[in-house]
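# Turn this into a structure:
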Amino acid sequence: MRVEVRLNGGLGNQLFEYFAGLIIADGDYSEVVLNYSRTMFIHDRIGIRALHHGVAEQRDRLPTAGRVSAIDSRWMDWWGSVRHLNRSKETAHIASLSEFTRVQGAAIGQRMILEGDMAFGPIPSLAREQGISTEMRLRNPTVWFERLAREADKQRPVMVHVRRGDYKSNPQWGLLAADYYERAFDALGLSQGDSVWVFSDAPDEADQIVPLPRSIDKFVVKTPKESPAAETMLLMTLGRGLVMANSTLSWWAGQMTDGPVIAPTPFYRLVPDAGRLCKPEIFLMYPNWAPVSVGW
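Reported below is the predicted structural model:
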């Protein structure tokens, strides 16, 4: 079945959408098309185009597929519903999994359109079960990225992500404060001489939010304008551990980090429908990540 993925949101969201499309296409890259007609992030700096993704791209607006009766999936039933859709090849709609976990699909004959915002935790595992590689490589790494990647390989710092930006004007996501990062560092067991790299869309503010004693070497990374978001994500995977923000960008970095990963729980301040899908404290959490409770 040909799957056309209408990309929406920044890099983190686009990766969920991309891998969902590959899962529905049974890992056949030739059957997946990434469509940029519904997102402003068509350029390399924000979205998935900075990565080798192996599928076709288009910018023309897709036709309206039409929506019919919903398959009211629960948390772990989503994959079964997708497989049912793939087998039947009938027009169908995969209902919202939550306010932040939306998969809206419709099939026209032998063609399916996948659209909406998605943040569905099991997607990377489901992809790997189908033999779909979740390894990510840059198309054209900048000199800045290559220099920092070499330095990270030498230092093996703890990587930290602080998300601000649009979160300030959208309180449902939640702004992580200094106490979260303090408890995250306690969980990691930082010691004298360790190095910590801080990544943020607001580096000056992040410098104040991430509290560290003078015995710890803190480096607040200031990303040049020409560097795509994918470079920040991949740099965050190169440390000996990661302190995530409640952001899909560092969520994907956590998927690729070999060392310990610290994650906030609940992941978002408000997850209206999460109660019917799973417990809020495990929403977007992986078993091998260390949760740090956040009192939203």
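# how about the helices in the stretch 151-296 of the chain?
Under the criterion DSSP state H, counting those that start in this stretch, helices of the stretch 151-296 of the chain are mapped to 178-188, 203-209, 229-235, 248-256, 274-277.
# Columns distance to V143, mean neighbour count and mean pLDDT on top of those, output as JSON lines?
Backbone N, C-alpha and C define where each C-beta goes, glycine included. Below are the helices of the stretch 151-296 of the chain laid out as JSON lines (distance: least, C-beta to C-beta, whole Å; neighbours: other C-beta atoms under 10 Å; pLDDT from 0 to 100):
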{"stretch": "helix 178-188", "distance to V143": "30", "mean neighbour count": "18", "mean pLDDT": "96"}
{"stretch": "helix 203-209", "distance to V143": "20", "mean neighbour count": "15", "mean pLDDT": "96"}
{"stretch": "helix 229-235", "distance to V143": "11", "mean neighbour count": "23", "mean pLDDT": "97"}
{"stretch": "helix 248-256", "distance to V143": "21", "mean neighbour count": "23", "mean pLDDT": "95"}
{"stretch": "helix 274-277", "distance to V143": "42", "mean neighbour count": "16", "mean pLDDT": "46"}
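# May I see the ones you listed arranged in a markdown table, with distance to R150 as well?
A markdown table is the format used below for those (distance: least, C-beta to C-beta, whole Å):
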| stretch | distance to R150 |
| --- | --- |
| helix 178-188 | 23 |
| helix 203-209 | 21 |
| helix 229-235 | 11 |
| helix 248-256 | 18 |
| helix 274-277 | 41 |
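# Which stretch among those approaches L148 most closely?
helix 229-235 (5.8 Å; C-beta to C-beta).
# Tell me which other helices or strands that closest one touches.
helix 11-24, helix 143-155, strand 195-200, helix 248-256 (3 or more C-beta pairs under 8 Å, 6 or more residues apart in numbering; DSSP states H and E).
# Figure out how far the shortest one is from the centre of its chain.
Taking the mean C-alpha point of strand 195-200 and that of its whole chain, the gap between them comes to 19 Å (C-alpha atoms, centre = their mean, to the nearest Å).
# about what we covered before: nearest approach to G241 belongs to which of the helices of the stretch 151-296 of the chain?
The nearest among the helices of the stretch 151-296 of the chain, by C-beta to C-beta, is helix 178-188 at 5.5 Å.
# Now tell me what touches the closest one from outside.
Residues from elsewhere that reach helix 178-188 (C-beta atoms under 8 Å, 6 or more residues apart in numbering): 158, 160, 162, 196, 208-212, 241, 243, 260, 262, 264, 290, 292, 294.
# Could the C-alpha coordinates of it be exported in CSV?
Written as CSV, here are the backbone C-alpha positions of helix 178-188 (Å, rounded to 0.1, in the frame of the first residue of the first chain):
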residue,chain,number,x,y,z
ALA,A,178,15.8,24.1,38.1
ASP,A,179,14.6,21.6,40.7
TYR,A,180,14.0,19.0,37.9
TYR,A,181,17.6,19.3,36.7
GLU,A,182,19.0,19.3,40.2
ARG,A,183,17.3,15.9,40.9
ALA,A,184,18.3,14.6,37.5
PHE,A,185,22.0,15.3,38.3
ASP,A,186,21.6,13.6,41.7
ALA,A,187,20.2,10.5,39.9
LEU,A,188,23.2,10.5,37.5
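# about what we covered before: can I get the helices and strands packed on helix 229-235 in TSV with distance to Y181?
As requested, those are exported to TSV (distance: least, C-beta to C-beta, whole Å):
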stretch	distance to Y181
helix 11-24	20
helix 143-155	19
strand 195-200	9
helix 248-256	13
